[in-house]
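J.: fold the following, please.
(one chain, ligands or ions: 1)
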Amino acid sequence: LPVLAIVGRPNVGKSALVNRIIGRREAVVEDTPGVTRDRVNYKSEWNNRHFTIVDTGGWEPDAKGINASVAAQAEIAIDLADAVLFVVDATVGATSTDEHVVRLLRGTKKPVILVANKVDDARQEPQAAELWSLGLGEPWPVSAVHGRGVADLLDKVLTVLPEVSAVAKEEVGGPRRVAILGRPNVGKSSLLNKTAGEERVVVNEMAGTTRDPVDEQIELGGKFWRFVDTAGIRRRVNLSQGADFYATLRTSAALEKAEVAIVILDVSEPISVQDLKIVDLVLESGRALVLAFNKWDLLDDERRYTLEREIEQDLGHVAWAPRVNISAKTGRHMEKLVPALELALESWDTRIPTGKFNALLAELVAEHPHPVRGGKQPRILFGTQAASRPPTFVLFTTGFLDPQYRRFITRRLREIFGFEGSPINVNMRVRE
Ligand code: GDP
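T.: Presented below is the predicted three-dimensional model:
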């Protein structure tokens, strides 16, 4: 989906605007097991066009940190969004911080829409008009809290937002899109340099900005791959506050553009909460996953033993992800990365024909019928694969299936088809 990023200094009303745009949609409960975190990405829709909103302002810094924080927001938006909404408080007017953001946004060719917020009635419109002085074109007066002007703003957004994300357009036959993720110092840059260094690097002309290229195309195993947001890996941002938030934001935004993620873990250190959070973000994004255990050259027997224990304990829920044990330093097993990526993508793309799927469901039900609950036994009428990327199945049933029973079906589907490297979803529709 195309990505719309919302940027602005604290208190201008970014979150109110996001809530107004997504409206009731936030209440839509997704049929995915509970992953909780600070949300930054929201699916949204206007006039039957779907897009993702990235709220870059989830971290509210103190006065000292404001410039660094809005700079980080603007940078992420410029690199990873398809269009940017820059929100200013019309009742305050342009501050020096706003001007600072404008200077950053001027460097991009991506569409930027200037939103003059807190224009609660027509009498305040002249205040919005003063924002012409920022040089970002027409200010769009809105009241995020009351909803005034938001429909017109969204109409405008649709005129500048591409139908599909610029990268997704290349999808058919184009290079597959890979995100390299991991907390600082696990070896992301080293891995990138090792792969890019030995192979041919093509600077991406589609970056759409006058700054560093955002993505790189690298030939590996005889094929081109698009490594998304390599700019984010190469750039070392020094933020005294909110570093975790911006890392999460960047990871989420990169996942929007990617098809498969390589999550790098550093075997010389215990698996951390931060590592697991990154894995959760991948799961939530529905992208394919490869786990790369880096710095294998540093492993001794003792650590190797504790590592295996940690993997069992902390990464048991992604036991389906292919695992490569590498050293970006020595080059150990780097050649295993491409087959792992290919396997994960193949699983992610898989489509099981409906006939085959139903024959299999019948076998599973015969093998292990749903238990009788209160004199009733819910039946599975039929099933179908509703989507791929990742494989998503829908079971039409006569009643609610026990969670354990759904887990049984999911586990057996995995045992039968593998789906290595891809999450799968098994959803249910009850026919009354
Ligand atoms: P990033 O922050 O994830 O991009 O991590 P870097 O690629 O900058 O690596 C962080 C540090 O780990 C650097 O000092 C690297 O030289 C070192 N490093 C990266 N990969 C390996 C590896 O496979 N083995 C060893 N021993 N050190 C590594």
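
J.: mind listing what residue 81 touches?
T.: With contact set as CB atoms under 8 Å, 6 or more residues apart in numbering, residue 81 has these partners: 3, 4, 5, 54, 110, 253. C-betas here are computed from N, CA, C, even on glycine.

J.: what's the closest of those residues to the ligand?
T.: Nearest to the ligand among the contacts of residue 81 is residue 253, at 17.4 Å by CB to the nearest ligand atom.

J.: other SSEs contacting the one helix or strand that closest one maps to?
T.: Residue 253 belongs to helix 243-257 when assigned by DSSP states H and E. If contacts are counted by 3 or more CB pairs under 8 Å, 6 or more residues apart in numbering; DSSP states H and E, helix 243-257 sits against strand 3-7, strand 41-46, strand 49-55, helix 66-80, strand 176-181, helix 273-285.

J.: what is the mean pLDDT for it?
T.: Per-residue pLDDT values across helix 243-257 average out to 88.

J.: tilt between it and strand 49-55?
T.: 160 degrees (axes from the mean of the first three to the mean of the last three CA atoms, to 10 degrees).

J.: outside of the helix or strand just after helix 243-257 itself, list whatever touches it.
T.: Heading C-terminal from helix 243-257, the first helix or strand you meet, by DSSP H and E, is strand 260-266. Residues from elsewhere that reach strand 260-266, judged by CB under 8 Å, 6+ apart: 176-182, 185-188, 191, 255, 271, 275, 278-279, 282, 285, 287-295, 337, 341, 344-345, 348, 421.

J.: got a quick PyMOL command for the buried subset of these?
T.: Command for PyMOL that selects the buried part of these, burial taken from 16 or more other CB atoms under 10 Å:
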select buried, resi 176+177+178+179+180+181+182+186+187+188+191+255+271+275+278+279+282+285+287+288+289+290+291+292+293+294+295+337+341+344+345+348+421
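
J.: and the ligand, which of the contacts of strand 260-266 reach it?
T.: Applying CB under 6 Å from any ligand atom, the subset of the contacts of strand 260-266 adjacent to the ligand comprises 182, 185, 186, 187, 188, 294, 295.

J.: for the host helix or strand of residue 225, packing partners?
T.: Per DSSP H and E, residue 225 falls inside strand 223-228. The contact analysis (3+ CB pairs under 8 Å, 6+ apart) places strand 223-228 against strand 176-181, helix 188-198, strand 216-220.

J.: chain center to the helix or strand following that strand: distance?
T.: Next along the chain after strand 223-228, taking DSSP H and E as the criterion, comes helix 230-234. When C-alpha coordinates are averaged (CA atoms, centre = their mean, to the nearest Å), helix 230-234 and its chain have centres 16 Å apart.

J.: pretty sure residue 57 is touching residue 5, no?
T.: No: using CB atoms under 8 Å, residue 57 makes no contact with residue 5, being 9.9 Å away.

J.: please enumerate the shared neighbours of these two.
T.: With CB under 8 Å, 6+ apart as the test, residue 57 and residue 5 both reach residue 73.

J.: assign a three-state SS to the nearest residue to residue 62 once chain neighbours are set aside, would you?
T.: Spatially, and ignoring its direct neighbours in sequence, residue 62 is nearest to residue 241 (7.4 Å; CB to CB, 6 or more residues apart in numbering). What DSSP: H, G, I helix; E, B strand; the rest coil gives for residue 241 is coil.

J.: quick one, strands of the stretch 301-432 of the chain?
T.: Assigned by DSSP state E, counting those that start in this stretch, the stretch 301-432 of the chain shows strands spanning 323-325, 380-387, 392-397, 425-430.

J.: please, which helix or strand holds the nearest residue to residue 49 once chain neighbours are set aside?
T.: The shortest distance from residue 49 to any non-neighbouring residue, by CB to CB, 6+ apart, is to residue 158 (5.5 Å). Per DSSP H and E: residue 158 is located in helix 150-160.

J.: rewinding a little: which of the contacts of residue 81 tops the neighbour count?
T.: Neighbour tally across the contacts of residue 81 (other CB atoms under 10 Å): the maximum, 28 neighbours, falls on residue 5.

J.: who's in contact with residue 117?
T.: 12, 13, 16, 17, 87, 88, 89, 90, 142, 143, 144.

J.: of the residues you listed, which belong to helices?
T.: Counting by DSSP state H, the part of the contacts of residue 117 found in helices is 16, 17.

J.: okay then, goodbye and thanks.
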